[in-house]
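**Student:** Task: produce atomic coordinates for the following.
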Amino acid sequence: MWRGLFFFATGCELWYSVYMITVLQHTPFVALVHGVCGALVGMLLSRAELRLETRGVGLQSSCGRSCQIGRCAVAACGTGIAFFCLCLCTDSLLELVELEAFCCVLLFLSLVDARRRIIPNACIGAGAAIRLCYLVVMLARGSVTWSEVGFYTLGALAGGAALLMSVLAAGRLLGQEAMGAGDIKLLTLLAWYVGWQQWLLLIVSSCLLGLATFALMRMQAFLGHARASPAGNHGATATDATFPFGPAIAVAFVITVVCGQQAVDWYAAMLAG
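**Tutor:** This next block holds a predicted model:
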C-alpha cells in the first residue's frame, strides 16, 4: 500500500513539475517528458484498477502474472503515446491539463470495461466534472461565452438523444442490444468535448476500431477453443457475444483530438472543390 502511494505521489509531483517548468513550450523534448509521465500514470492506474477489482469481488484476479504485466505495459504505452501526441498538438496549457486528466479517466474505464464489460458511472461523472471545471475557468477568463457553452452542451445532449434512438431502433431490428448504456453515455460525454462535427468522425473511428477489436477477440477465442477441443467442437462461448467498446472509443477520442480538425477541414475542402 505504502509503496503504491509513494509511486503515485512521485508521479504526481513529476507531472506537476513538468507543467510548472515547461508552461507553454511544446517542444518535442517536452512532449517526450509528458509521454514518460503519461506512461508512469498509466502504469499506476493499471495497478490501481487491478487492486480495486480483486478487492471488490473478494477473489484473486483471474488474470495471470503475464497477463497483468501485459495489461500494465499496454496501459503505460497507450497513455504515454496519448500524452506525447496531445502535448504536441495542444497550444493551451489549460486545455492540455484537461485532456490529459480526461485521458486518465478514459484509461481507467477502458481497463474496467475490458475486464468486466461495463463502463462505471463514476468515470462518466469524473469526465463531466473535468469538462465542467475547464469551461468554468474559460468563462472566468473570458475565453468563451455563455452562448458557446450552451451551444456545445445542447449539441452534446441532442447528439446523445439521436444516438440513443438509433441504438434502440437497431436493437429492435437486430433482436438484441446494439450498444450498451455505458457506451452511449460515454459517446454523449465526448460530444461535449469535441463538438458535433468531430463527434461524427469519432463515432466512425470508434466503430472501425470496435470491429477490429471484435474480430481479433473472435479469432483469439476460436484459436484458443480449437487448441482446447481437439475433437473439433468449436462452439461459441458465452463471452464471445460481447466485447469491450470502451477502449475503442477512448482511442478514437485521442485520434480525433489530435487530427480530427484537419480531417474535417480536408473533407469540407473536398466537398467544396
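
**Student:** Can you tell me how far C103 is from G42?
**Tutor:** Per Cβ to Cβ, to the nearest Å, C103 is found 9 Å from G42. (Each C-beta comes from the backbone N, C-alpha and C, glycine too.)

**Student:** would you put the C-alpha positions of the host helix or strand of V97 in CSV?
**Tutor:** Element membership for V97, per DSSP states H and E: helix 93-116. Output of helix 93-116 as CSV, limited to C-alpha atoms (Å, rounded to 0.1, in the frame of the first residue of the first chain):
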residue,chain,number,x,y,z
LEU,A,93,-1.7,24.6,-21.1
LEU,A,94,-5.2,24.6,-19.5
GLU,A,95,-6.6,22.5,-22.4
LEU,A,96,-3.6,20.2,-22.2
VAL,A,97,-4.2,19.6,-18.4
GLU,A,98,-7.9,19.0,-19.2
LEU,A,99,-7.3,16.5,-21.9
GLU,A,100,-4.6,14.6,-20.1
ALA,A,101,-6.7,14.3,-17.0
PHE,A,102,-9.6,13.0,-19.1
CYS,A,103,-7.3,10.5,-20.8
CYS,A,104,-6.6,9.1,-17.3
VAL,A,105,-10.3,8.7,-16.8
LEU,A,106,-10.6,7.0,-20.2
LEU,A,107,-7.8,4.6,-19.4
PHE,A,108,-9.3,3.6,-16.2
LEU,A,109,-12.8,3.0,-17.7
SER,A,110,-11.2,1.1,-20.6
LEU,A,111,-9.4,-1.2,-18.2
VAL,A,112,-12.7,-1.8,-16.3
ASP,A,113,-14.6,-2.3,-19.5
ALA,A,114,-12.1,-4.8,-20.8
ARG,A,115,-12.3,-6.8,-17.6
ARG,A,116,-16.0,-6.5,-16.6
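
**Student:** Please state the offset of that helix from the chain centre?
**Tutor:** Centre-to-centre, helix 93-116 and its host chain are 5 Å apart (Cα atoms, centre = their mean, to the nearest Å).

**Student:** tell me, what's touching C103 and G42 both at once?
**Tutor:** Residues touching both C103 and G42 (Cβ atoms under 8 Å, 6 or more residues apart in numbering): T79.

**Student:** mean confidence score for the longest helix anywhere in the chain?
**Tutor:** With secondary structure taken from DSSP state H, the chain has its longest helix at helix 196-228. For helix 196-228, mean pLDDT rounds to 82.

**Student:** Restricting to C-alpha, output stretch 178-187 in PDB.
**Tutor:** Output of stretch 178-187 as PDB, limited to C-alpha atoms (Å, rounded to 0.1, in the frame of the first residue of the first chain):
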ATOM      1  CA  ALA A 178     -26.800  -3.000 -30.300                       C
ATOM      2  CA  MET A 179     -24.800  -0.900 -27.800                       C
ATOM      3  CA  GLY A 180     -24.500  -0.700 -24.000                       C
ATOM      4  CA  ALA A 181     -25.900   2.200 -22.000                       C
ATOM      5  CA  GLY A 182     -22.400   3.000 -20.800                       C
ATOM      6  CA  ASP A 183     -21.100   3.300 -24.300                       C
ATOM      7  CA  ILE A 184     -24.000   5.700 -25.200                       C
ATOM      8  CA  LYS A 185     -23.300   7.900 -22.100                       C
ATOM      9  CA  LEU A 186     -19.600   7.900 -22.900                       C
ATOM     10  CA  LEU A 187     -20.100   9.000 -26.500                       C
END
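
**Student:** thinking again about what came up before, flag every buried residue along the helix holding V97.
**Tutor:** Buried residues in helix 93-116, counted by 16 or more other Cβ atoms under 10 Å: 96-115.

**Student:** Equivalent analysis for stretch 133-146, please.
**Tutor:** For stretch 133-146, the neighbour count (16+ other Cβ under 10 Å) marks 134-135, 138 as buried.
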